[in-house]
Structure formats: C-alpha cells, structure tokens
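S.K.: Quick one: sequence plus predicted model below, questions after.
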Amino acid sequence: MNDHAPPPLSLWVRELPITVPIALAPLRRAQPVAGARDGAGQPVLVIPGILSSDSATALLRRTLDVTGYRSYASKMGFLTGIQTKVLSRALDRLAEVAEAEQRKVAIVGWSLGGLYARVLAQRHPDLVELVMTLGTPFSGDRRANNAWRLYEAINDHKVDAPPLPDDPAVKPPVPTIALWSRKDGVIAPAAARGLPHERDAEVEMPFSHFALASTRPAVARVVTELGDWLAR
C-alpha cells in the first residue's frame, strides 16, 4: 500500500457500516476508560469532520467528561468544508471556552475538523494547550484521499484552494499530535501522519477513519493518548 496515495476501494467499503455508530452517538452512554489519566478538569474543544456536526462526537465528548475532562461541542454547525464564516464561529467558540474556563483549551479535531483545529492554534496559540488531529489530511497532496471529489462537488472552491490564507500544514506553536491509521479508508496515511516539521508527534492507530471518534475502542485510545500527551 502506498502511504501517499488515496486508500484502496476495499478499505473505503469497510468504512460504510461505521456510519451507524456515528449516527447513534447522541444516544450512546460513555464508559470509564481503564488506565486513562484523569483529565483534571482540562477543557477540550472537539471539532467534528466533514458532513457531520457535534452530534457525531457525542460519545467522544461524554467519554472525556467521565474521564475528568470538561468537553465542549464546537457549535460550528454542519460542516461541509473550509469556510470563512465557519472559522469565525470556531474562533469565537475557542475564545468563549477559554474565557469560561480561565485556562488554555486542548483541541481535538476529527478529519476536516483537525484542519480547523490546527488553524485555530496557529492564530491563537495563547488560548490553546494542545492540538490532536484524528485522521486529518493536513500534509501533502490535498487529493490524497477518497473525499476530494465530494468536497469539490459541495463547495464553491477546489480542495487545494480554500478561501482562507492559512496553511494547515504549518505546525502551530503548541504541542501538535497527529493520530493516523493504515486502516483508514478515506485519508492517505502520509497525509494524516504529516512530516516531522509539521507536527510534534504522530501515533499510529489500528482503526478505520470513521471509527476514530465513534467506536468505543477508538475513543478509549484517543482519550488515553490525550491524557498521556497532556501530562508531558
């Protein structure tokens, strides 16, 4: 498998059944994560992926809460792509959470949400404790994925020419961790892993793209990794 090329169709097909736990996320109860560090009240802003909203990250946020974090929905609406007005809402939300908590905020961004997360940290590192991306295509060719045609079909710009001057490949001046997977059926591993100068660390995950923030094993791993990195 070429880490720099879009994943093969066989991996993409395996993603489809996982749309069910994503849809059911608002109804699912969180379970304590065995062995995870206590969040000690650390605020965490969670940003969903393309063609989804905060409902898709409900299980992840609830799991963060029962692990001692204070999770926050993004309130960015239904995400379809990179848009100026959506980034404006994200900036307002980050400032709101930081003000309410009187401390820096960790940001977890899933897929497209990770692009927003990195830009938020680029623009306001004074408000951000850490950025963690889950299967986010921030590096290399913007067409090294199986979603770019859909992206261009539902947006008024090309996938490699978004209406913002920010380059998500630039590492924010805060700890930046990229979670990626060879089982990802949407994003090329190299695009989500990034180059050494584009992130502080990368962690390989044994989960598919849609599972990264929606299945219990993946959510548990994300929460565990977040705690470990925040403790450093």
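M.R.: It's in.

S.K.: how about the helices in the chain?
M.R.: For the chain, helices defined by DSSP state H occupy the ranges 9-15, 19-23, 58-66, 84-101, 112-123, 148-154, 189-193, 216-230.

S.K.: now those in TSV, with distance to residue 72 and mean pLDDT?
M.R.: Just so you know, the C-beta spots here come from the backbone N, C-alpha and C atoms, and that holds for glycine as well. Compiled in TSV, the helices of the chain are given as follows (distance: least, Cβ to Cβ, whole Å; pLDDT from 0 to 100):
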stretch	distance to residue 72	mean pLDDT
helix 9-15	27	94
helix 19-23	19	96
helix 58-66	8	98
helix 84-101	5	98
helix 112-123	13	98
helix 148-154	26	96
helix 189-193	24	98
helix 216-230	14	98
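
S.K.: So which of those helices is nearest residue 33?
M.R.: Between residue 33 and the helices of the chain, the shortest separation by Cβ to Cβ is 4.6 Å, and it involves helix 216-230.

S.K.: Residue 105 and residue 12: what is the separation?
M.R.: Noted for residue 105: a distance of 33 Å to residue 12, by Cβ to Cβ, to the nearest Å.

S.K.: still on that earlier bit, who wins for proximity to residue 166 among the helices of the chain?
M.R.: So among these, helix 112-123 is nearest, using Cβ to Cβ, at 4.5 Å.

S.K.: Which elements pack onto that closest one?
M.R.: If contacts are counted by 3 or more Cβ pairs under 8 Å, 6 or more residues apart in numbering; DSSP states H and E, helix 112-123 sits against strand 43-47, helix 84-101, strand 105-110, strand 128-134.
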